[in-house]
Each structure stands twice: as structure tokens, then as C-alpha cells.
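Chemist: take this sequence and fold it.
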Amino acid sequence: MSLALIKGQKVDLTKSNPGLDQIVVGMGWVNPKQVDIDLSAFLLSKDSKVTKDEDLVFYGNSTGGVGSVSVQSAAEKRSYSGIMDNEQFIIQLQQVPAVYERIAFTLTIHSDAHVSHQFSDIQELYIRILHPMTGNELIRYNLGQIFTVETAIVVGELYRHNGEWKFNGTGAGYGGGLAALCGSFGIEVQDQKPSASAGNSSGDRDDMNSQASVKPVPPAPLVQTPPVQPSPAPTPVNLTKIELKKRGEVVNLTKTKGPIGEIVVNLNWNRKKSSGFFGAKGVDLDVGCLYELTNGDKSTVQALGNSFGALQYAPYVALDGDDRTGMVKTGENLRINGQYLSQIKRILVYAFIYEGVANWAQADGIVTIKQPEGPDIIIKLDQPENRKGMCAIAMIRNVNNETFSIEKLVDYFPGHRDMDHAYDWGLQWRAGSK
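Modeler: Residues are numbered from 1 along each chain as shown. Have a look, this model is predicted:
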């Protein structure tokens, strides 16, 4: 019987299926606008980065991992359980070299100068894992239509844990297409076409056949402590845009007759890069949050550690994706499902410098909190403390199950543990990677 997953759920594969060696990974969707979609698999080492060019497996490089991962051509694809997937990979699990700890399965949209598409145009998206001999569906993750402006998706990941293979229903979107996706896995894509390109099932792709080269990425920062300022009473306002200018300043979101809807917390920053679109070195300034639910559950939502959250399930907060390159003009977004206001006690929004920028003054970050029926709330990451890599930006609190209050913090810390301690979250922290 197939196991149906929700976003972020991790399940055993080989432990639950002893002796399983070969699997089929199938992906499918409904494509009413005939959008050009490319698939690929990234073979990732312990630090979640590729080690060489061949670790990107797609139709232009159909096998990787010494033949352990391969794309099925149109002629090679098979129907399983009466369903023909749009795309399929064959994975020889026991032959995957030990250097690879994760295999990320991704989709990207191919756009040109005249036509622009995004994953909101795609319906009924899924990924499933099949037994090639019996045809049984072992695991299935239905993504449905959870995306908006994204042009690249990490659909799911196979990963090793204690000598066994597990699967994670990732469902993480990116706004920067193939370049942003490659950047997140340590590949720098340069806008140089090779003399001969290989075709795929969607036709030849300039972007998929652009020259990709492995670029080492430094490890993530960690942590240490400071204090908390008491929250003053909120100030009622009715404007088109509000900027919270002082630390400790508080404003309530606009009250509505029904549920307050989806709140979007957008992080954007200055993008100073070298010349050349694909060859540019991007800033990696990440947004995330600590959350505490009314039932006492506490944790984090952030790209580091692949903790992307969920909107329809606890914690009712989700991260759209991870802009690793600085090329996504829309920045990064945390989404809060206001329909579950009564389940949320508080949310601490933060940003941290993962790589690529020396200080906060250079990043010049700004957070915009958007509400459905009220003014945008602006918080600038000002008064920078450039030797500290973490900034607690805003505290969002439940106000009598009627609305949220927003308090400007902009309080800088050496890392996650210190910020956690300052705001009394009480989580256990360890070094992580994307």
C-alpha cells in the first residue's frame, strides 16, 4: 500500500522494504498551458553540495553516480499502477557511491524573452517511488498547486540515515529558475553554450545546456547571547504603508470580519554583483522564524536543515524557497496562514547571513509584511552590528485570537542559540546545512 506524505514529512524507504535495491522515481503533472518543464537530479555530498559537474543528472547528462542514477528516455518509461508518469528516474540504491548522501529531484520551467510561465500554471503535481519489479507504489507525495511565482522546485529528496535510505517530501520553490536552483547546490551556471547540445523530451534547452561548473560554498555560520526589550502598547493606524522606525514599536494588523487570511513576510536586500547574469556572485541572506503554538509546540522554519514548514498543517507557517544567488528580485517569503490564528502564540522572524556578504550594512535588508486588507508594514534592518551574523527582525504575537501584533526588534546576535536564549524559546541547536 502506498504511503501518502505531506510537505516536509520524512519516511523510511529501505528499512520498511528490506532487500529493496532498485527503485523508480516518477513525477507527473497536468500542464494545460503546455509549459516547458525540465527535470534534473542533484547528487549531493555531506554538505548538500555537488562535487563535480556530472553530479547534475538531466537529459543532457543522463547518468550520474557511476551509473547509479539515470533518466529514463521516452522509450524507456513504463506505466506503473496504470499511470504513466511524465518523467522517471531509475535509482540503483546499493550502487550509489558513499560520497553522496542526498539525491534531490527537481523541476524547472524553461522560459524565453517572449513567454513567462511559473509553477502556478501547473496542476496536480506529484512525485512517487515505485518498486520496478512488482510495480507497487511505495511512497507518494502530492504537491497539488501550492506554488505561485516559482520557476524551480525541489520536489523531494532521497537521503541516507544510519545506513538506510529515507525520503523527504520537500516541495521547496525558487523564484530564480535553473540558476537559483544550481546555486543552492554549489553549481555556478554561466551563460555560455557548448558547441553541441543534447536534446531532452521537451526539446533542446539553452538554460539546461549552459555551462555548469562546481563552485565550492563555505559552511553555514553557527551561534552565542544578548537581551530582550519589553513590548510597548500597540499604536492603532490606518495608512497605506507603515514603517516601524524604532525598536520596540508595535502595530496591530487590520482586524477583519472573517479570518485574517494569509500574511506574507518578504525579505529583500541589496544585490551588488559582478558583471554577467549567470556568472554573478549572489548574496545569501536567509529569512526564517521561530514559532510557538498555543499547544506549546516550538520549532523553526528555515532553509537551513530543509525545515520549510507547512501552511495547512502545523506550524501553519511556510517558507516559499531559498534565494541562494540574490538573483530573485522578489526575495524570500515566509507565509503565515491567518485562518489558524488561534493555533499560533508567537512568531519571531529573523534573517541570517549564510554566505556572500561581509556585513549587514552591505546587505541593506528590508522586510515587508503584507496583509490582505491593510497597509504593508515595513521594517528596515538598520543600526547594523556587522560582526554578528543573525538579526531578530520582528515579533508577531496573537492578540486575543482577533489579529496579530507586529513589534520591531532588529536585534543582532552571533547566531541561533543566542537569539533563542534572548527570547526564551528553549530549543536544542546543532550545526546544519542546506
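Chemist: so Pro384 makes contact with Ile353?
Modeler: No - if you go by Cβ atoms under 8 Å, Pro384 and Ile353 don't touch, sitting 10.7 Å apart. Using the backbone N, CA and C atoms, a C-beta is placed for each residue, glycine as well.
Chemist: these two: who's more crowded?
Modeler: More neighbours surround Ile353 than the other of Pro384 and Ile353, with 24 against 17 (other Cβ atoms under 10 Å).
Chemist: SS state for that one?
Modeler: strand (DSSP: H, G, I helix; E, B strand; the rest coil).
Chemist: name the nearest residue to it, ignoring sequence neighbours.
Modeler: Nearest residue to Ile353, sequence neighbours excluded (Cβ to Cβ, 6 or more residues apart in numbering): Gly389, at 4.6 Å.
Chemist: how many residues are close by that neighbour?
Modeler: By other Cβ under 10 Å, the residues close to Gly389 number 22.
Chemist: returning to that earlier point: mutual contacts of Pro384 and Ile353, please.
Modeler: Here Pro384 and Ile353 share the contacting residues Trp360, scored by Cβ atoms under 8 Å, 6 or more residues apart in numbering.
Chemist: give me the beta-bridge partners of Lys380?
Modeler: Beta-bridge pairing for Lys380 (DSSP bridges): Ile366.
Chemist: next secondary structure after the lowest-mean-pLDDT helix or strand in the chain?
Modeler: The weakest-scoring helix or strand in the chain, judged by mean pLDDT, DSSP states H and E, is strand 211-214 (a mean of 47). Next along the chain after strand 211-214, taking DSSP states H and E as the criterion, comes strand 241-243.
Chemist: who does that next one touch, helix- and strand-wise?
Modeler: Under the contact criterion of 3 or more Cβ pairs under 8 Å, 6 or more residues apart in numbering; DSSP states H and E, strand 241-243 touches strand 376-380.
Chemist: quick revisit: contact partners for the residue nearest to Ile353?
Modeler: Per Cβ under 8 Å, 6+ apart, neighbours of Gly389: 221, 352-353, 414-415.
Chemist: can you give me the strands for the stretch 51-200 of the chain?
Modeler: For the stretch 51-200 of the chain, the strands defined by DSSP state E, counting those that start in this stretch cover 56-57, 63-64, 69-71, 79-80, 83-84, 87-92, 102-110, 123-130, 137-144, 152-161, 164-168, 172-174, 187-190.
Chemist: can you put these in a markdown table and add mean neighbour count and distance to Met419?
Modeler: As requested, those are exported to a markdown table (neighbours: other Cβ atoms under 10 Å; distance: least, Cβ to Cβ, whole Å):
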| stretch | mean neighbour count | distance to Met419 |
| --- | --- | --- |
| strand 56-57 | 24 | 35 |
| strand 63-64 | 20 | 39 |
| strand 69-71 | 22 | 39 |
| strand 79-80 | 14 | 47 |
| strand 83-84 | 12 | 46 |
| strand 87-92 | 21 | 39 |
| strand 102-110 | 24 | 28 |
| strand 123-130 | 21 | 35 |
| strand 137-144 | 20 | 32 |
| strand 152-161 | 22 | 27 |
| strand 164-168 | 20 | 26 |
| strand 172-174 | 28 | 23 |
| strand 187-190 | 20 | 31 |
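Chemist: what's the closest of those strands to Asp286?
Modeler: Of all the strands of the stretch 51-200 of the chain, strand 172-174 sits nearest to Asp286, with 12.7 Å by Cβ to Cβ.
Chemist: paired strands for the closest one, with orientation please.
Modeler: Paired neighbours of strand 172-174 in the sheet (DSSP bridges): strand 152-161 (antiparallel).
Chemist: what lies in contact with the partner strand?
Modeler: Contact partners of strand 152-161, identified using Cβ under 8 Å, 6+ apart, comprise 13, 25, 27, 91, 101-109, 119, 125, 127, 141, 143, 147, 165-178, 180-181, 306, 321.
Chemist: again, only this time at 6 Å
Modeler: 101-108, 127, 141, 165-170, 172-174, 177, 181 (Cβ atoms under 6 Å, 6 or more residues apart in numbering).
Chemist: same check on stretch 101-110?
Modeler: Here stretch 101-110 makes contact (Cβ under 6 Å, 6+ apart) with 35-44, 46, 117, 151-160, 177-178, 181, 205.
Chemist: how close does Asp376 get to Gly19?
Modeler: 56 Å (Cβ to Cβ, to the nearest Å).
Chemist: of the two, who's got more company?
Modeler: Between Asp376 and Gly19, counted using other Cβ under 10 Å, Asp376 has the larger neighbour count: 15 against 5.
Chemist: thought that one was touching Leu244?
Modeler: No - counting by Cβ atoms under 6 Å, Asp376 stays clear of Leu244, with 11.2 Å between them.
Chemist: those strands in the stretch 301-434 of the chain, which residues are they?
Modeler: Under the criterion DSSP E, counting those that start in this stretch, the stretch 301-434 of the chain contains strands at 309-310, 317-319, 332-337, 344-355, 366-370, 376-380, 390-399, 403-413.
Chemist: as a markdown table, those strands with distance to Gly258 and mean pLDDT would be great.
Modeler: Converted to a markdown table, the strands of the stretch 301-434 of the chain look like this (distance: least, Cβ to Cβ, whole Å; pLDDT from 0 to 100):
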| stretch | distance to Gly258 | mean pLDDT |
| --- | --- | --- |
| strand 309-310 | 22 | 88 |
| strand 317-319 | 20 | 91 |
| strand 332-337 | 14 | 91 |
| strand 344-355 | 17 | 89 |
| strand 366-370 | 18 | 92 |
| strand 376-380 | 21 | 91 |
| strand 390-399 | 16 | 93 |
| strand 403-413 | 12 | 91 |
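Chemist: out of these, flag the one nearest Asn61.
Modeler: Nearest to Asn61 among the strands of the stretch 301-434 of the chain is strand 344-355; the distance by Cβ to Cβ comes to 26.4 Å.
Chemist: any idea of the angle that closest one forms with strand 390-399?
Modeler: Orientation note: strand 344-355 sits at an angle of 170 degrees relative to strand 390-399 (axes from the mean of the first three to the mean of the last three Cα atoms, to 10 degrees).
Chemist: contacts for strand 344-355?
Modeler: Residues from elsewhere that reach strand 344-355, judged by Cβ under 6 Å, 6+ apart: 218, 220, 265, 267, 284-292, 294, 389-398, 423.
Chemist: mind checking the SS state of Gly296?
Modeler: Assignment for Gly296 (three-state DSSP): coil.
Chemist: which of the contacts of Gly389 sit farthest apart?
Modeler: Greatest spatial distance among the contacts of Gly389 (Cβ to Cβ): Ile353 and Pro414, at 11.3 Å.
Chemist: check the contact between Met27 and Arg128; I expect there is one.
Modeler: No - contact criterion Cβ under 6 Å: Met27 and Arg128 do not qualify, at 7.8 Å.
Chemist: if we can go back for a sec, between the contacts of Gly389, which sits nearest Ser79?
Modeler: Phe352 (46.1 Å).
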